[in-house]
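3D, please:
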Amino acid sequence: MDPEQIHEFNAKMAAKIDAAIPVKGILTARQVAEKLHEELEADDPALLYGWLRANAVQFLSNIIGERLRSERSRYRNAGRRKFGQAAEAGDLSSYFDQRYVVNDGNEWKKLADMTGPDHRFVASQYVRSSKTDALLAKFHEAVARKVGNRRTEEVYSAEQLYKLEQSILGNAA
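So this is what the prediction gives:
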């Protein structure tokens, strides 16, 4: 598929997605996606399937990344019991199967194959995300104190809230 076609599919789908997101009301992303999928299947299947083909590599990349994060989470959480049992039996070899992104090119390696610089990169990513998360927590705590039981737009304009967020996030964003 040529880049012009990809751009056209993405632009058309972006407009459809924007239109599908409700202005008011509470829906989950999955509910919006299900509704949009049904509408596109009925009204514009060529756009749906063209867009899916144009973005297949990106979608697969995202799913693979999610699986890697999920795999690490399983090792940290539910895996504790499994690995506790394995440790008692003297076998922790599968612990080395965890995979991490080890550079800015988004390449990943198994824990067993990582070098010192790979571990430093992973550590830096955790530090960066924890700092951003802590700043965002402070932002929402500050907003919560001011807003109380009112709605945010009753207390802040969009410009005020944006400026507050930027003042708290600074260069971390």
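
and Leu40, what does it touch?
Leu40 makes contact with 16, 47-48 under the criterion C-beta atoms under 8 Å, 6 or more residues apart in numbering. In short, each C-beta sits where N, CA and C put it, glycine included.

Tyr156: how many residues sit nearby?
Per other C-beta atoms under 10 Å, the neighbour tally for Tyr156 reads 16.

and if you look at the one 4 residues further on?
By the measure other C-beta under 10 Å, the count of residues near Gln160 is 10.

tell me the pLDDT of it.
You'll see Gln160 listed with a pLDDT of 92.

next, the contact list for it, please.
By C-beta under 8 Å, 6+ apart, no residues touch Gln160.

buried residues, whichever strand or helix holds it. List them.
Assigned by DSSP states H and E, Gln160 belongs to helix 158-169. Across helix 158-169, burial judged by 16 or more other C-beta atoms under 10 Å covers 161, 165, 168.

with adjacent residues omitted, what lies nearest to the last one?
On the basis of C-beta to C-beta, 6 or more residues apart in numbering, the spatially nearest residue to Ile168 that is not a chain neighbour turns out to be Phe139, at 4.5 Å.

list the buried residues for the one helix or strand the one you found maps to?
Phe139 is located in helix 116-147, with elements delineated by DSSP H and E. For helix 116-147, a neighbour-count test (16+ other C-beta under 10 Å) marks 118, 121-122, 139, 143, 147 as buried.

likewise stretch 102-114?
Applying a neighbour-count criterion of 16+ other C-beta under 10 Å, the buried positions in stretch 102-114 are 102, 108-109, 111, 114.

do stretch 49-60 as well
Buried positions in stretch 49-60, judged by neighbour count with 16+ other C-beta under 10 Å: 50-51, 54-55.

now Lys35, nearest residue through space, not along the chain?
Ala20 (6.6 Å).

the one you found contacts Gln31, doesn't it?
No: Ala20 is not in contact with Gln31 according to C-beta atoms under 8 Å; the separation is 10.1 Å.
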